[in-house]
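1. Have a look at this prediction, sequence included:
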Amino acid sequence: MGKRKSSKPPPKKVAPKVDTMFTCPFCNHDKAVIAKMDHLTEKGLVECTVCGQKYTCNITHLSEPIDVYSDWIDACDKANK
């Protein structure tokens, strides 16, 4: 009698990468806003490279750059109301 063929394990799923470049809500340039995370000081910074607008907020160890950007968008909407 022969051995059974062992099946290969299924391939690992690749996690999608989260963007760190976004559209500026003030000047509407695509990929002009850079999100930076400083986990030591627990501060997140988003800055437009074209018009120079900046926004900082507090972050946690679970925060991602999209979280800081969405906080900025929410703060802009709140200021406009």
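-> Looks like it came in fine.
2. Verify the contact between Phe22 and His29 for me.
-> No - counting by CB atoms under 8 Å, Phe22 stays clear of His29, with 10.0 Å between them. Any C-beta I mention is one placed from the backbone N, CA and C, and that applies to glycine too.
3. neighbour count winner among those two?
-> Between Phe22 and His29, counted using other CB atoms under 10 Å, the more crowded position is Phe22 (22 against 14).
4. Near the closest residue to the more buried one other than its chain neighbours, how many other residues are there?
-> Closest residue to Phe22 apart from its sequence neighbours, by CB to CB, 6 or more residues apart in numbering: Val33 at 4.3 Å. Residues near Val33, counting by other CB under 10 Å, number 27.
5. which residues touch Val33?
-> By CB atoms under 8 Å, 6 or more residues apart in numbering, the contact set of Val33 is Met21, Phe22, Thr23, Cys24, Val46, Glu47, Cys48, Thr49, Tyr69.
6. Using CSV, lay out the residues you listed together with secondary structure and pLDDT.
-> Listed next are the contacts of Val33 as CSV, based on DSSP: H, G, I helix; E, B strand; the rest coil; pLDDT from 0 to 100:
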residue, secondary structure, pLDDT
Met21, strand, 88
Phe22, strand, 92
Thr23, coil, 93
Cys24, coil, 93
Val46, strand, 95
Glu47, strand, 95
Cys48, strand, 95
Thr49, coil, 94
Tyr69, helix, 95
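7. Are any of those residues buried, and if so which?
-> Burial by neighbour count, 16 or more other CB atoms under 10 Å: within the contacts of Val33 this picks out Phe22, Cys24, Val46, Glu47, Cys48, Tyr69.
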